[in-house]
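Colleague: Sequence plus the predicted model coming up.
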Amino acid sequence: MSKPIAYLVFLVTAAFFGLFFLWPIATTVEEAFVVDGRFTLDFVHHIFVDPIYIEGLTNAFLIATCSTLAALLIAMPLALISDRYIFPGKTLLSSLVLVPLILPPFVGAIGIKQILGQEGALNILLSKAGLVDMSTPPDWLGEGRFWGIVIMNALHLYPILYLNVTAALANLDPAMEESAQNLGAGPWRRFRKITLPLAMPGIFAGATIVFIWSFTELGVPLIFDYQRVTSVQIFNGIKDISGNPMPYALVAVMLFFSVLLYIVGKHFFGRNTFTMTGRAAISTKQRKAPPLIGILCSGFFACIISLAIFPHIGVILMSFATDWYHSILPQSFTLAHYSDALGHELTVPSIANSLKYASISTLLDIVLGIAIAYVIVRTRIPGRGLLDALSMLPLAVPGLVLAFGYLAMTREGQPFHFLLPNGNPTLILVIAYAVRRLPYVVRSAVAGFQQTSVDLEEAAQNLGASPLRTLKRITIPLITANLIAGALLAFAFAMLEVSDSLILAQQQPHYPITKAIYTLFGALGNGHFLASALGAWSMVFLAITIMGASIALGKKLGALFRV
Amino acid sequence: MVSITIDKVSKSFGKTLALNNISLHIKAGELFFLLGSSGCGKTTLLRHIAGFYSPDKGKILFGTDDVTSTPPHKRNAAMMFQSYALWPHMTVAKNVAFGLEEQGKPKSQIKDLVAEALDTVKMAGYSERKINELSGGQQQRAALARALIVRPRCLLLDEPLSNLDAKLRLEMRSEIRRICKESGLTAVYVTHDQKEALSIADRIAILDSGSVEQVGSAKEIYCSPRSKSVAGFIGETNFIAGTVTGCKTDSQVDVETPLGQFTGRTSDPDWHPRSGDTITISIRPEAFRLTESRPEVNGITGQLASLTYLGEIAQYGIKAEGGSMINIAELNPQALHQPGESLCHASVDKDDVVIISN
């Protein structure tokens, strides 16, 4: 690529980031600190004296801490086993173990409520076994459903930690441990003194993402109807958004804590802090597990996987249930919810909307991803490092913050009001989805470019192909697999996006799936069942997308997630 | 077929001066070698000719056509990459057809030309193979066919044989010469392997630290190295420091050294040493003959210190008077002399005594 084109691409992508990443954040912060052109700390101060907001923040912190610890508890043993041993069914199991990442967590929350609620399937089962007295049933979800949120977050997010820790462990030189063994250290000491400290950057990188994610998670607490957490307080705040700066102030506080955490992580753990990716090399230290241990390993993986998809199985059961109350399983099954759901005015348009928003934003991501990756890997222009860092930042900034930013920047009278014409959120949602999911596509494209020798491109130019023709005929075909992997993640996450969808889509005809599910869930009558049916539909869509691509790629499912 | 002119080209990467004011003229139809150790700038120069780098200073001409600022895809200077750079997502035929497709040739014509090109490199029958189904030698042939089919103005080869095993290398290097000569191509060939260069080059340029040290035919470079670095790089040699005592003609220079009197010739006809100049003598090991006695001039005497027997050659190390070690190679050795034997003598023809300015 010639220098002028490289600069042009750099400027266009940087401008995109400036306008649709930095600008909305700045707008949000401005709303929180500026009133009538005057700087003020009143609103932020108000947060820290109002007991309701303090409780919300405390709960958000507690949820994030507990979710992260629980996810660590699940991911660490999985990662260690997968790093050490080859066991029966490993390829399949280590792919399936990643699947919960793309299952919509707030849909799963519906299932968790059904199964672990006080009147839920578990308590009924236990009472049938005579272990529980149904007149005073135990509350598994905790007061206000706190633990329900933590369980759902942990089951949803542990794959991020698993990917990071396996990558970190795979990069460790086996000689590190061997030399400790050689000097007489036992297995536990080796783990504590050598492996753990060396894998710490990877663990921390994953933990930071999980922490920020659950700190600002909106969908799950909403389904649990848990009001005493900041994200839900913010969401409720937009109902009377006109002139109320408190949601913005809350968003600013959340942003502050997220960025603080990001910076602390970067500072202490240096490079590669936010690669939730990392292509794990096949390490030589893996050995075949002895038969019994091998079966134990497989069993452990299978257990975690079933546990993680349990909530979603609950949802699927519910979508087929005529009635599911005070029984272990639904009393009888029906397809009525599916036909009802298809007949409902919300569902079909919402599926169409989500498909539209998600595919356009994925296309945008692919174009931007290729351009950014090209500049990062193939050019030497100054500022490409900045672009690299910028393109990863959406991982660290809560979706809620950006959603509010977009809301603020598209209000009447703002320069970007044209992106929300007559309340039609198509443009702004496409941009919002694209920005949030860009890191996956950029990372996968960068990996593709790095794996593709420059020689292959030069050979094409040498034989008379212009740079653009070379990109089309050589580079893009060679990195297709990477692009598909990144695009799939982007697409799947866009289909399930909660914050932007709930906040920016205000008119029913424009609702995406997630908002339709949320609305149906709150509806009276058979709303729960319709929401479950729509949730099941969305999972079917995702499954088909992922399977289709995995067949098309001719690769194992796991490769899709190891962007 | 065009000539290539490199005119005072300089290039820096950061603070490193990769090419230092290089001027070369490569004749039309010539098989020209750029030879040097790694890091000498030979690949950098080749990439300038291909257009992947543009010079900081100087010009590059194909014939009379200044291509200095022509982008690579408009130069029509086909290159064979060290890694071959065959595209793994295409078949052999697709790889070879690429250049013609970019030229917009009609499909039917492309098909015939591809078959012909694969035939030239003896790869007919492999056209539908995938690249990863080819051996190293076959990949090399495919890459050559891909470069040749576009009828390039010149062919650029970047260490084309370095990924092949020793036997295949011998076979392919004469093959490359045959194809270049049959197609009448101007070819620039980069290598660090002196045997490759000496065996098939029309002319060779020796590069060192970004500068051209010497340009000449294989025989000129080997027999008349103009600098110590060229003499040391090509083949093995013995350096003996000395002082000029007399200079009758260029081919009759007398030198006094710690090892004795030598008479030899200068390697550079434009250079006329004067009495008192300190110079270096270069004598190839195989130029020495072991003798019964020591001649008055062009002879050495010393203790036999080592013997390496290589079959066709016996290499002796002689610790000469004055302390320096002289290497002697005896071709087709009959009786081997064992180290530690008493004093031995060797002599050399004055044509083999090359005098190099310091």
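Modeller: Structure received. The structure displayed is predicted, hence computed values, not measured ones.
Colleague: Can you pull the poorly scored residue ranges out of chain B?
Modeller: Low-confidence segments of chain B, defined by pLDDT under 70, are located at B:341.
Colleague: What residues does it have near chain A?
Modeller: By the rule CB under 8 Å from any CB of the partner chain, the part of chain B lying against chain A is B:50, B:52, B:71-79, B:81-83, B:85-89, B:98-99, B:102-103, B:146-147, B:150. The C-beta positions use only the backbone N, C-alpha and C, and glycine is treated the same way.
Colleague: Sketch out the helices for chain B, chain order is fine.
Modeller: B:42-50, B:92-103, B:107-120, B:136-148, B:166-183, B:194-200, B:218-223, B:228-233 (DSSP state H).
Colleague: Quick one: residues in contact with the fifth one.
Modeller: The one in question is helix B:166-183. If you take CB atoms under 8 Å, 6 or more residues apart in numbering or on different chains as the criterion, helix B:166-183 is touched by B:31, B:120-121, B:136-137, B:140, B:144, B:148, B:155, B:157, B:160-161, B:164, B:185, B:187, B:189, B:196, B:199-200.
Colleague: Flag every buried residue along that helix.
Modeller: Neighbour counts over helix B:166-183 (16 or more other CB atoms under 10 Å in any protein chain shown) mark B:Leu168, B:Arg169, B:Met172, B:Arg173, B:Glu175, B:Ile176, B:Arg177, B:Ile179, B:Cys180 as buried.
Colleague: Pick out the residue of the stretch 101-250 of chain A closest to chain B.
Modeller: For the stretch 101-250 of chain A, the residue closest to chain B is A:Ala170, as judged by CB to the nearest CB, at 25.0 Å.
Colleague: ok, now the stretch 301-450 of chain A?
Modeller: In the stretch 301-450 of chain A, no residue comes nearer to chain B than A:Arg380, which is 10.3 Å away by CB to the nearest CB.
Colleague: Mind checking which of the residues of chain B next to chain A are buried?
Modeller: Buried among those by 16+ other CB under 10 Å: B:50, B:52, B:72-73, B:75-79, B:81-83, B:85-87, B:98-99, B:102, B:146-147, B:150.
Colleague: Narrow those to those in strands?
Modeller: When DSSP state E defines the strands, the subset of those inside them is B:Ala77, B:Ala78, B:Met79.
Colleague: need those in a markdown table with distance to B:Phe62, can you?
Modeller: Listed next are those as a markdown table, based on distance: CB to CB, whole Å:
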| residue | distance to B:Phe62 |
| --- | --- |
| B:Ala77 | 7 |
| B:Ala78 | 13 |
| B:Met79 | 14 |
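Colleague: Closest to chain A out of those residues?
Modeller: Distances from chain A to those, taken by CB to the nearest CB, are shortest for B:Met79, at 4.6 Å.
Colleague: residues from chain A in reach of chain B?
Modeller: Counting by CB under 8 Å from any CB, chain A comes close to chain B at A:2, A:453, A:455-456, A:458-467, A:469-470, A:473-474, A:477-478.
Colleague: again, only this time at 7 Å
Modeller: Taking CB under 7 Å from any CB of the partner chain as the contact definition, chain A meets chain B at A:453, A:455-456, A:458-466, A:469, A:474, A:477-478.
Colleague: Among the residues you listed, which one lies nearest to B:Leu304?
Modeller: Set against B:Leu304, the nearest of the residues of chain A next to chain B by CB to CB is A:Asp455 (50.7 Å).
Colleague: So which other helices or strands are in contact with the helix or strand that contains the closest one?
Modeller: Assigning secondary structure by DSSP states H and E places A:Asp455 in helix A:454-462. Applying 3 or more CB pairs under 7 Å, 6 or more residues apart in numbering or on different chains; DSSP states H and E, one finds that helix A:454-462 contacts helix A:467-470.
Colleague: quick one, strands of the stretch 351-500 of chain A?
Modeller: Read by DSSP state E, counting those that start in this stretch, the stretch 351-500 of chain A holds no strands at all.
Colleague: my bad, should have said chain A
Modeller: A:34-35, A:38-39, A:85-86, A:287-288.
Colleague: Quick one: those strands as JSON lines, columns for mean pLDDT too.
Modeller: Below are the strands of chain A laid out as JSON lines (pLDDT from 0 to 100):
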{"stretch": "strand A:34-35", "mean pLDDT": "78"}
{"stretch": "strand A:38-39", "mean pLDDT": "80"}
{"stretch": "strand A:85-86", "mean pLDDT": "83"}
{"stretch": "strand A:287-288", "mean pLDDT": "74"}
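Colleague: just the ones you listed: most buried one?
Modeller: strand A:85-86 (a mean of 16; mean count of other CB atoms under 10 Å in any protein chain shown).
Colleague: pretty sure A:Pro251 is in contact with A:Leu400, am I right?
Modeller: In this structure residue A:251 is Val, not Pro. Yes. Here A:Val251 reaches A:Leu400: they are 6.3 Å apart, a contact under CB atoms under 7 Å.
Colleague: tell me, what's touching these two both at once?
Modeller: Common contacts of A:Val251 and A:Leu400 (CB atoms under 7 Å, 6 or more residues apart in numbering or on different chains): A:Ile234.
Colleague: For stretch A:448-463, which residues meet the burial criterion?
Modeller: Counting neighbours by 16+ other CB under 10 Å, one finds that the buried residues in stretch A:448-463 are A:Gly448, A:Phe449, A:Thr452, A:Asp455, A:Leu456, A:Glu457, A:Glu458, A:Ala459, A:Ala460, A:Gln461, A:Asn462, A:Leu463.
Colleague: Then stretch B:346-358?
Modeller: Buried positions in stretch B:346-358, judged by neighbour count with 16+ other CB under 10 Å: B:Ala346, B:Ser347, B:Val348, B:Asp352, B:Val353, B:Val354, B:Ile355, B:Ile356.
Colleague: Same check on stretch A:305-323?
Modeller: Of the residues in stretch A:305-323, A:305, A:308-312, A:314-321 count as buried by neighbour count, 16+ other CB under 10 Å.
Colleague: now that stretch: how far from the chain's centre is it?
Modeller: Distance, stretch centre to chain centre, for stretch A:305-323: 21 Å (CA atoms, centre = their mean, to the nearest Å).
Colleague: Report the rounded mean pLDDT for that stretch.
Modeller: Stretch A:305-323 shows a mean pLDDT of 82.
Colleague: got it, and stretch A:417-430?
Modeller: The average pLDDT within stretch A:417-430 is 81.
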